[in-house]
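*Asks:* What shape does this take:
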Amino acid sequence: MAGFRNTVVGSYPRPEKLEDTMKRPVMTQEEVDDYIKWAAKDQAELGLDTITDGEGYRENMYYFYQKRIDGITFKDMPKVSFGTAGFGIECPRVIGELKNPRFDIARNWKIARDAAPAGVDVKLTVTGPHVLYRFSVNEREDLYPDAQALCRAWANVLRDEIAEAIALGCEHVQFDEPMWTESPEESVWAAEILAELIESLPKKVRIGLHVCGGNPRRKRVYFTKYTDIVDAFKAVPVDELLLEHCTLSYNMLELFDQWDFKGDLAIGVIDQRSDDLETVEEIRQRLKPALDYFPADRLILTSECGFGHVPIDVTHAKLKRLVEASKVL
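*Replies:* Have a look, this model is predicted:
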């Protein structure tokens, strides 16, 4: 097979410029539907092999879920700091049992699937339970006595809607767990809870896992090396890893010296934090070391993280270059 496969990590911009991409305005249902149809077609027209519903209708990757479930309040939110790079955000409070989820992620996936050409893979991207727990302030320790209990509660409320998407025909689910690098001491049990969720799904589908150093407003804010959380990676049954690579200060491929991973690697050869457009030759050089670890048919070209915070013109240019490189390399 000539060339490489390509994919997006997940998030895609809204077409209009936003004041703050970490706190996107809430959309009406009609606006959500229109955005998803636009995002699916826009990604497919760029030539991408695998796309998402865009995620741009989500206020951010955790507020979206927290706003659509019982037991969470956005009143009197404390500002919580994460990592060592000065990132902080107001976090909603857990004031009751997490129940009655209204995420509609299955419905949204189906809209994207129907809008995309038949030959394009549409994956369901889901914020992982560890992220949702980290950005929820637990005020009900009588219900959730420790961090693992709250994380598992989030996993439980995600399950049914993921299963619904699978019932609608979804064959590819990706979990995003960037907070493993923010709190590496929690990564193994967080991975075990994610594994429980994956193994409880009603049928075998392709499972992807994205772990990064965070990307709020296009900044990396967590700096744990992948090799420092190798035991967490080993604990999760995944078919595809989506990892940062091209701007890391270390060689992330050393992870695979410690772990005989049998799946596919979607490797970050595009830097979505910079407006500078990569050349095909730069992408070739970024990809080259991975060929010492993986055959070409197990490598997928992607960006280091999502494009949700990136202007649409920069997004288009970088993804077009990604597609071009995937075809000619």
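*Asks:* Point out the other elements, helices or strands, that the least confident helix or strand in the chain by mean pLDDT touches.
*Replies:* Ranked by mean pLDDT, DSSP states H and E, the weakest helix or strand in the chain is strand 87-90, scoring a mean of 89. With contacts defined as 3 or more Cβ pairs under 8 Å, 6 or more residues apart in numbering; DSSP states H and E, strand 87-90 has these neighbours: strand 79-82. (Each C-beta comes from the backbone N, C-alpha and C, glycine too.)
*Asks:* So what touches the strand it packs on?
*Replies:* Here strand 79-82 makes contact (Cβ atoms under 8 Å, 6 or more residues apart in numbering) with 87-91, 134-135, 137, 179, 182, 214, 221-222.
*Asks:* Mind giving me the packing neighbours of whichever helix or strand comes after the least confident helix or strand of the chain?
*Replies:* On the C-terminal side of strand 87-90, the closest following helix or strand by DSSP states H and E is strand 93-99. Where contact means 3+ Cβ pairs under 8 Å, 6+ apart, strand 93-99 is packed against strand 70-73, strand 137-138, helix 147-167.
*Asks:* Can you point out the buried residues in strand 93-99?
*Replies:* Neighbour counts using 16 or more other Cβ atoms under 10 Å place R93, V94, L98 of strand 93-99 among the buried residues.
*Asks:* and I207, which of the helices and strands packed on strand 93-99 is closest to it?
*Replies:* With Cβ to Cβ as the measure, helix 147-167 is the member of these nearest I207 (10.4 Å).
*Asks:* Just give the strands next to the following helix or strand past the closest one in its sheet, each with its orientation.
*Replies:* The helix or strand immediately downstream of helix 147-167 is strand 172-176, counting by DSSP H and E. When sheet partners are counted by DSSP bridges, strand 172-176 sits next to strand 124-127 (parallel), strand 206-211 (parallel).
*Asks:* Tell me how far whichever helix or strand comes after the shortest one lies from the chain's centre.
*Replies:* The C-terminal neighbour of strand 124-127 among helices and strands, as given by DSSP H and E, is helix 129-134. Between the mean C-alpha location of helix 129-134 and the chain-wide mean there is a distance of 13 Å, by Cα atoms, centre = their mean, to the nearest Å.
*Asks:* quick one, what contacts the nearest residue to V173 once chain neighbours are set aside?
*Replies:* Among residues not flanking V173 along the chain, L124 sits closest, at 4.9 Å (Cβ to Cβ, 6 or more residues apart in numbering). By Cβ under 8 Å, 6+ apart, the contact set of L124 is T52, D53, I105, A106, W109, I162, A165, C170, H172, V173, Q174.
*Asks:* before we move on, back to that, select, out of the helices and strands packed on strand 93-99, the one closest to R286.
*Replies:* Nearest of the helices and strands packed on strand 93-99 to R286, taken as Cβ to Cβ: helix 147-167 at 32.4 Å.
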